[in-house]
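Chemist: Compute the structure for the input listed below.
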Amino acid sequence: MKNSMWNLKLSTSALVLIPAAVGINYIGKLFAGLLKLPLWLDSIGTVLSAMLAGPVVGAICGAINNIIYGLTMDPISFIYALTSIGIGLAVGVLAQKGRVNSIGGAVVVGLVAAVVSTLISTPINIGFWGGQTGNVWGDLVYAGMVAHHFPVWIASLTDEFIVDVPDKIATVIVAYGIYKGLPQKLTILFRHDSVTEQL
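Modeler: Numbering: from 1, shown residues only. Now for the predicted structure:
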């Protein structure tokens, strides 16, 4: 059976999913901001769309999300579209291979997403913010490490990673919970030939 994981032709279901996923991202970010959580929670829709429809749709949702943020909230969000694309691709591939088949699997996929996010975001953080993330918790660690003469890139990597780990694990677990709560007749609309039934 032909693997359609990387099919660039979007179905009607995928086209409907994309704006819904972007909306979920906005709600997650708003929720985290209102409660002043040490998390971003702005990738739940990206991760959910990647689980449902694969890495291409996940990457598109992530990119559109940051473009909208860039147009409406902060222009610097445009460059972080690279991070969102990376998250969508990574989660989409792992989901298609059946790695998000339990809470434990969601935690592992969340860790992978955190590593991907950290590796992409850290150079951006260094280039635009001197290494800081803008998250108060991570930046406290960054300031402490710089004060103790750690190289900026190590301090920045640590800053990003310690925020990304809980954020991406929580994000994937929430998305997995939403996925499991959806009726099968809905999720089947997004299935590719390559998608495992283990999700």
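Chemist: In this structure, where's the longest helix?
Modeler: helix 152-181 (DSSP state H).
Chemist: What are the buried residues along it?
Modeler: Across helix 152-181, burial judged by 16 or more other C-beta atoms under 10 Å covers 155-165, 167-176, 178-179. (C-beta placed from N, C-alpha, C; glycine too.)
Chemist: what ranges do the helices span in the protein?
Modeler: Using DSSP H, helices in the chain cover 12-34, 44-53, 55-72, 81-96, 103-129, 136-147, 152-181, 184-187.
Chemist: Quick check: which of these is nearest to Trp6?
Modeler: Closest to Trp6 of the helices of the chain is helix 55-72 (C-beta to C-beta; 6.2 Å).
Chemist: Distance from the chain centre to that closest one, please.
Modeler: 10 Å (C-alpha atoms, centre = their mean, to the nearest Å).
Chemist: between that helix and helix 81-96, how big is the angle?
Modeler: 150 degrees (axes from the mean of the first three to the mean of the last three C-alpha atoms, to 10 degrees).
Chemist: what's in contact with helix 55-72?
Modeler: 5-8, 10, 14, 17-18, 21-22, 25-26, 42-43, 45-47, 49-51, 76-78, 80-81, 83-93, 96, 190 (C-beta atoms under 8 Å, 6 or more residues apart in numbering).
Chemist: I'd like the average pLDDT over it.
Modeler: Across helix 55-72, pLDDT averages out at 94.
Chemist: show me where pLDDT drops low in the chain?
Modeler: 1-4, 191-199 (pLDDT under 70).
Chemist: rerun at 50
Modeler: Along the chain, segments meeting pLDDT under 50 span 1-2, 193-198.
Chemist: quick one: Ala53 from Ala114, how far?
Modeler: 22 Å (C-beta to C-beta, to the nearest Å).
Chemist: so how far is Trp129 from Ile85?
Modeler: 20 Å.
Chemist: which of these two has more neighbours?
Modeler: Applying other C-beta atoms under 10 Å to Ile85 and Trp129 shows that Ile85 carries more neighbours, namely 22 against 15.
Chemist: Leaving out the residues flanking it, which one is nearest to that one?
Modeler: Excluding its sequence neighbours, the residue lying closest to Ile85 (C-beta to C-beta, 6 or more residues apart in numbering) is Ala59, at 4.5 Å.
Chemist: Surely Gln132 and Tyr142 touch.
Modeler: Yes - with contact defined as C-beta atoms under 8 Å, Gln132 counts as touching Tyr142 (5.5 Å).
Chemist: anything in contact with each of the two?
Modeler: Joint contacts of Gln132 and Tyr142 (C-beta under 8 Å, 6+ apart) are 156, 159.
Chemist: quick revisit: drop anything exposed from the contacts of helix 55-72.
Modeler: Of those, these count as buried by 16+ other C-beta under 10 Å: 5, 7, 14, 17-18, 21-22, 25-26, 42-43, 45-47, 49-51, 77, 80-81, 83-93, 96, 190.
Chemist: So between Ala53 and Ala114, which is more surrounded?
Modeler: Ala53 (30 against 24).
Chemist: which residues sit against stretch 76-83?
Modeler: Applying C-beta under 8 Å, 6+ apart, the contact partners of stretch 76-83 are 62-63, 65-67, 69-70, 116-117, 120-121, 124, 128.
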